[in-house]
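Asker: quick one: sequence and predicted model below, then my questions.
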Amino acid sequence: MKNQADPLLLVILGPTASGKTALSLSLAEKLNGEIVSCDSVAVYREFEVGTAKPSPRERARVPHYMIDIAAPDEEITAGDYARRARAALNEIKARGRLPIVVGGTGLYLRALINGLFAGPERSNELRDRLRAKAEAGSGEELHRVLSRLDPGAATKIHPNDTPKLIRAIEVCLLAGERMSELWQHGRDPLTGFRILRVGLDPVRNGLYERINRRCAQMFERGLVDETRELLKCYRPPDFAIDSDPRPVAKALGSLGYRQAAAFLMDKMNLSESMDAAQQGHRNYAKRQMTWFRREPEVQWFSGFGNDEQVQETVFSWVRGRR
């Protein structure tokens with residue numbers, strides 16, 4: 001139940017390239033706010049061109065959190081994100097300012113607001129062994145392992161979903177309890193805030209044109225060069241050679257970087273790489289909207305977040321509910 005005495009938490013969600021950053025900056029400056037990023041790639045340092053992170057100038061205008069918090073070869077899970085982002089929300093609240101959560105990673109947002117089940121902390125050593133097992137064969141081997149340990153969880157996790165398979169096996173081995181049983185214990189939802197959700201819903205054709213243009217600009221601004229430098233130190237999560245000493249950088253498997261890496265590995269030419277990145281981002285936008293449509297109590301606004309009229313309309317709506 002909402003407590004009207006609780007301070008406000010504003011959540012801005014929407015598909016990639018919908019103008020969430022511009023809207024968040026406008027609202028933060030008008031409402032004495034600070035911004036908490038909710039993006040699964042922006043958390044990693046050294047990933048700049050392909051992430052659409054707020055620029056240094058934009059970050060100087062308003063305090064930002066949950067950007068550049070991890071090295072490329074670290075792994076920030078949804079649970080890691082939720083714990084650290086909740087700490088940031090409480091810091092912002094303690095200063096009497098408005099926390100504004102902004103981003104397009106639905107799983108991170110759900111973990112932050114709804115919470116996750118209380119599983120054990122991850123074991124990097126165990127995860128490395130399980131990942132090596134998957135890389136040496138296929139996800140089906142991990143799925144067979146999980147089927148023996150936790151048949152209930154195995155029926156709900158696809159054999160190709162390696163991260164979820166690894167986490168489920170890890171829970172069984174470290175907690176001594178099946179993940180399917182932990183699911184029954186419930187979650188730990190965020191408390192102490194009155195949540196307002198604002199959604200951006202631009203016209204699809206206009207959004208796709210914007211996505212295509214932004215992807216092309218990423219390539220023009222040096223995405224391939226940045227990816228080349230990253231590949232000198234790290235390898236993508238799906239690229240495994242036993243003698244390869246480079247640690248895995250999960251973000252090298254994200255949109256844009258994955259296609260740039262494919263070009264650098266001679267798997268496609270530059271034009272094909274950019275086309276694939278554009279298609280991948282368009283498909284991602286579709287999935288984001290499907291996910292966000294399931295979020296409760298979202299007030300949707302047509303148009304892009306950098307449109308001054310949209311900014312003023314959203315500002316008036318939020319101000320009327322403070």
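Answerer: Sure thing, it's come through.
Asker: all helices of the stretch 1-150 of the chain, in order?
Answerer: For the stretch 1-150 of the chain, the helices defined by DSSP state H, counting those that start in this stretch occupy 20-31, 56-61, 78-94, 106-114, 124-136, 139-149.
Asker: just the angle between the fourth one and helix 78-94, please?
Answerer: Interaxial angle, helix 106-114 versus helix 78-94 (axes from the mean of the first three to the mean of the last three Cα atoms, to 10 degrees): 50 degrees.
Asker: buried ones in helix 106-114, by neighbour count?
Answerer: Going by neighbour count (16 or more other Cβ atoms under 10 Å), the buried part of helix 106-114 is 106, 108-113. The way it works is simple: take the backbone N, C-alpha and C, and place the C-beta from them, glycine included.
Asker: CSV for these, including pLDDT?
Answerer: Listed next are the buried residues of helix 106-114 as CSV, based on pLDDT from 0 to 100:
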residue, pLDDT
Gly106, 92
Tyr108, 94
Leu109, 95
Arg110, 91
Ala111, 91
Leu112, 96
Ile113, 95
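Asker: if we can go back for a sec, of the helices of the stretch 1-150 of the chain, which is nearest Arg287?
Answerer: helix 106-114 (8.3 Å; Cβ to Cβ).
Asker: coming back round to it: make TSV out of the helices of the stretch 1-150 of the chain and add distance to Leu13.
Answerer: What follows is those, written out as TSV (distance: least, Cβ to Cβ, whole Å):
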stretch	distance to Leu13
helix 20-31	7
helix 56-61	19
helix 78-94	14
helix 106-114	7
helix 124-136	30
helix 139-149	30
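Asker: to Arg258, which of the ones you listed lies closest?
Answerer: Ranking those by distance to Arg258, with Cβ to Cβ as the measure, places helix 124-136 first at 16.5 Å.
Asker: pLDDT of that closest one, averaged?
Answerer: Model confidence over helix 124-136 averages 77 on the pLDDT scale.
Asker: what angle do it and helix 139-149 make?
Answerer: Here the directions of helix 124-136 and helix 139-149 differ by 130 degrees (the same axes, to 10 degrees).
Asker: residues touching Ala17, list them.
Answerer: Contacts here follow Cβ atoms under 8 Å, 6 or more residues apart in numbering; on that basis Ala17 touches 52, 207, 210-211, 214, 281, 285.
Asker: same deal with Arg131?
Answerer: Residues touching Arg131, when contacts are defined by Cβ under 8 Å, 6+ apart, comprise 162, 166, 248.
Asker: and the one helix or strand Ile166 maps to, C-alpha only, in PDB?
Answerer: Assessed by DSSP states H and E, Ile166 sits inside helix 162-175. Output of helix 162-175 as PDB, limited to C-alpha atoms (Å, rounded to 0.1, in the frame of the first residue of the first chain):
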ATOM      1  CA  THR A 162      23.400 -19.800 -19.900                       C
ATOM      2  CA  PRO A 163      23.400 -16.900 -17.300                       C
ATOM      3  CA  LYS A 164      20.200 -18.200 -15.700                       C
ATOM      4  CA  LEU A 165      21.300 -21.800 -15.800                       C
ATOM      5  CA  ILE A 166      24.600 -20.800 -14.000                       C
ATOM      6  CA  ARG A 167      22.700 -18.900 -11.400                       C
ATOM      7  CA  ALA A 168      20.300 -21.700 -10.700                       C
ATOM      8  CA  ILE A 169      23.100 -24.300 -10.400                       C
ATOM      9  CA  GLU A 170      25.000 -21.900  -8.200                       C
ATOM     10  CA  VAL A 171      22.000 -21.400  -5.900                       C
ATOM     11  CA  CYS A 172      21.600 -25.200  -5.500                       C
ATOM     12  CA  LEU A 173      25.200 -25.800  -4.700                       C
ATOM     13  CA  LEU A 174      25.800 -22.800  -2.400                       C
ATOM     14  CA  ALA A 175      22.500 -22.500  -0.600                       C
END
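Asker: next, the buried residues of that helix.
Answerer: 162, 164-172.
Asker: could you say what helices and strands that helix packs with?
Answerer: Counting by 3 or more Cβ pairs under 8 Å, 6 or more residues apart in numbering; DSSP states H and E, the packing neighbours recorded for helix 162-175 are helix 124-136, helix 139-149, helix 179-182.
Asker: quick check: Leu230 touching Ala249?
Answerer: Yes - Leu230 is within contact range of Ala249, at 6.5 Å (criterion: Cβ atoms under 8 Å).
Asker: give me the common contacts of these two.
Answerer: Counting by Cβ under 8 Å, 6+ apart, the contacts common to Leu230 and Ala249 are Pro72.
Asker: dump the buried residues of helix 162-175 to JSON lines, plus distance to Pro296.
Answerer: Putting the buried residues of helix 162-175 into JSON lines (distance: Cβ to Cβ, whole Å) gives the following:
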{"residue": "Thr162", "distance to Pro296": "30"}
{"residue": "Lys164", "distance to Pro296": "24"}
{"residue": "Leu165", "distance to Pro296": "29"}
{"residue": "Ile166", "distance to Pro296": "30"}
{"residue": "Arg167", "distance to Pro296": "26"}
{"residue": "Ala168", "distance to Pro296": "27"}
{"residue": "Ile169", "distance to Pro296": "32"}
{"residue": "Glu170", "distance to Pro296": "30"}
{"residue": "Val171", "distance to Pro296": "28"}
{"residue": "Cys172", "distance to Pro296": "32"}
